[in-house]
Structures are given as structure tokens and as C-alpha cells.
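A.B. asks: turn this into a model:
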Amino acid sequence: MIVVRTPEEIKETLTGASVTIGNFDGVHKGHQILIKQTCSKAKALGLTSVIVTFDPHPLRVLTQRNSPPFITLTQQKLELVSQFGPQIALLLEFNREMAALSPEEFVRKYLVEGLGMRELTIGYDYHMGKGRTGDYATLSEIGKKYDFNVERLDPISLDGAIISSTRIRDLVQAGDVWDARPLLGRFYQVRGEVVHGMKRGGKLLGFPTANLKLVDELFPLPGVYAIWVDVDGKIHQGVANIGKNPTFGNEALSVEAHILDFSGDLYGKNIQVHFVQRIRNEQKFNGIEELKARIAKDVALGRQILARPEAHIKVTQADLQAKQP
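C.D. replies: The predicted structure follows:
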């Protein structure tokens, strides 16, 4: 997938485009179907498949940062989008000038003249343009004027509720990472650089931890979790603590991952932590020995959870590929 910032970078290479547009926060199952449908149309009609999204997120501009934490930041979002086959991702810089464009002005400038769009696929609740007036009916009328077809996909539901970024965000913030997995098609993950912490894990407690420099915005509820850890493309079992380490009176939030049966220097490496299931709340212990005993129990529970076939990250990845329409 080629990532471009302006239509001019690819305009001369396009003979027509099948497009979907949105924020795609989380790249969840609903988003995945939109992207795959866009790619299917492109292949059937001899068009180029193009995903149009924005950086920064429009809410960040329009609400002056008074927005919820995002599930996926731009780089991770693009990496996830690329797994579903689009040829091009157009990453537009969103600003107040763009927000002031009417739906027709935006479509004409960026999608018709910029991309040569012939097909547009949107989600069931998609709105665009000034005042969010560009709904399915409006876009269909614009399509008649500029000779492109508009298809609106039905919402995707699971357990009687529509899959949405808001629903996933609520689950993650409540610590229900296991229930977020089927909505995402993968385990919820954060990533970051391993940095020096308080050096208590290995020396004091006997359980060395990788301390992550936080770059993501959305984190599960503080507590202890069974996790998979991706280090240099290799997957390891682990247990993570999210919180402030109340036993030691810390104030800053941290993510500390104990990678099971692992030895090696991780400082400076970027790793991914995939949250499988919550084990317990964060709690304050009456001393080091009580804490060490509880960590040992957490590790044992983590091994049990991760041994289940349905909790294996490779099963999730296979499911992601096999069950998409």
C-alpha cells in the first residue's frame, strides 16, 4: 500500500478509483468490511482501490483536543488498513479550512478531480463536509452530477449491538479486553519503546519487566493482564501491570510487561503488547513478600489463560483472514 498526503502525488497514475473514506479509528470489523468491499469493486471494475482518511483526527481539530482517546494512532491505523489490500491510502491533513468545505466542494476537489473516483463505499452512518451535511442521500445526488456510484453498507452487529469505535473504547477502558477482541478481529494492543524504570522488577521482586514509554492514548483499566508480547516479530507470553504501583507509592501511570521465559536486553526496542484477558485489579500489598507471592500467582494464571487455543494470537490472526467476506 502506497501512502500519499495529496492527490497530486498520484493523480497522473490513476485512471479511476474505488474509494472509501472515514476516520477508521480502531480499524474494527465494520471498517474491515468497508475496505474489503472497496478493494473488491476496484478489482472487478479495473479501478484503483483508495482509502481516504485524515491526520489529525477531525475531532482533534474541531474540539481543540477535547476528544476521547483514540484506539489507533495514525501509523498503527495505516499498518492495519494495509492488511486488507488497498493499493493507496490518501492521508489528508485535516484543518479548519477543510472543515469549512461543503460536501460537494470536498468531493469535487479531493475525490473526483483528485482521484478520478468512480465508486464510493461508505458506512451506514457516514457524514462529511461542513455541518456533517454530506449523508448518503446528499452524496448520491452529488454522484449523479459527477458520475460516480455510491453504496452504503449496513451496520455490522455482534451480540445484538452495532460494532463501533465507541463501543470498543468503552470495553477497553473498562478492562474488558477479551470482549473487545471479536469486535476488532484481533487483541487490543499498545506499543512503545522499552525504557529504564525503577529497576525493582528483577532485582527486588524476581520478575524483570519491560517498562514502556507510553505513546498510545487508550489504555485498559489499571490492573494485571495476560498478554502476548511481540519482540522483533517473535511472539512471547507475558503478564502486564497497568497502574501506579501503589505498594511503592508511585504517582505516574506505567505499563510494565513481564515476558515469560525470556532473557535479553530490550532497552531501546519497540515492542507491542496484545492484551488478552484481565486477571485482577491493581492493589496495594503489605510488603514485598506478599507482592512477590501475588505476582507468582498472576504468572501462573497468565500461563493458563494463554494456553487456551482461543486465546492464542495466531488463532486470532488466522480468524482475521479467514472470516472476512
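
A.B. asks: can you report how many residues lie near the nearest residue to E193 once chain neighbours are set aside?
C.D. replies: Leaving out its chain neighbours, the residue that sits closest to E193 by CB to CB, 6 or more residues apart in numbering is K213, at 4.5 Å. C-beta coordinates here come from the backbone N, C-alpha and C atoms, glycine included. K213: 13 surrounding residues under other CB atoms under 10 Å.

A.B. asks: give me the contacts around the strand or helix carrying K213.
C.D. replies: Secondary-structure assignment from DSSP states H and E places K213 in strand 210-214. The set of residues external to strand 210-214 that reach it, using CB atoms under 8 Å, 6 or more residues apart in numbering, is 190-197, 229, 253-259, 266, 271, 273.

A.B. asks: now a ChimeraX select for only the buried ones of the residues you listed.
C.D. replies: Here is the ChimeraX command that selects the buried residues among the contacts of strand 210-214 (16 or more other CB atoms under 10 Å):
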select :190,191,192,193,194,229,254,255,256,257,258,259,266,271,273
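
A.B. asks: for the stretch 51-200 of the chain, give me the ranges with low pLDDT.
C.D. replies: Within the stretch 51-200 of the chain, the segments meeting pLDDT under 70 span 64-65, 197-200.

A.B. asks: how about the helices in it?
C.D. replies: Taking DSSP state H, counting those that start in this stretch, the helices of the stretch 51-200 of the chain run over residues 58-62, 74-82, 96-99, 103-106, 136-146, 165-173, 177-184.

A.B. asks: for burial, what's the neighbour tally of G243?
C.D. replies: Other residues close to G243 by other CB under 10 Å number 18.

A.B. asks: distance of it relative to G175?
C.D. replies: 11 Å (CB to CB, to the nearest Å).

A.B. asks: now list whatever residues contact both of these two.
C.D. replies: G223.

A.B. asks: give me the helices and strands touching the one helix or strand I235 maps to, please.
C.D. replies: In this structure, I235 is located in strand 234-243 according to DSSP H and E. Strand 234-243 sits against strand 223-231, strand 254-259, strand 270-281, helix 288-307, with contacts defined as 3 or more CB pairs under 8 Å, 6 or more residues apart in numbering; DSSP states H and E.

A.B. asks: only the buried residues of the third one, if you could.
C.D. replies: I take that to be strand 270-281. I271, Q272, V273, H274, F275, V276, Q277, R278, I279.

A.B. asks: just stretch 48-63 next, same as before
C.D. replies: Neighbour counts over stretch 48-63 (16+ other CB under 10 Å) mark T48, S49, V50, I51, V52, T53, F54, D55, H57, P58, L59, V61 as buried.

A.B. asks: now it: how far from the chain's centre is it?
C.D. replies: 14 Å (CA atoms, centre = their mean, to the nearest Å).

A.B. asks: domain parsing for this structure?
C.D. replies: Annotated domains of the chain cover 2-158, 176-322 [automatic domain parsing].

A.B. asks: quick one: closest of those domains to R167.
C.D. replies: Of all the domains of the chain, domain 176-322 sits nearest to R167, with 6.6 Å by CB to CB.

A.B. asks: could you measure the residue nearest to D179 when sequence neighbours are not counted against T38, distance?
C.D. replies: Distances taken as CB to CB, 6+ apart place L171 nearest to D179, at 5.3 Å, with adjacent residues excluded. According to CB to CB, L171 and T38 sit 27 Å apart.
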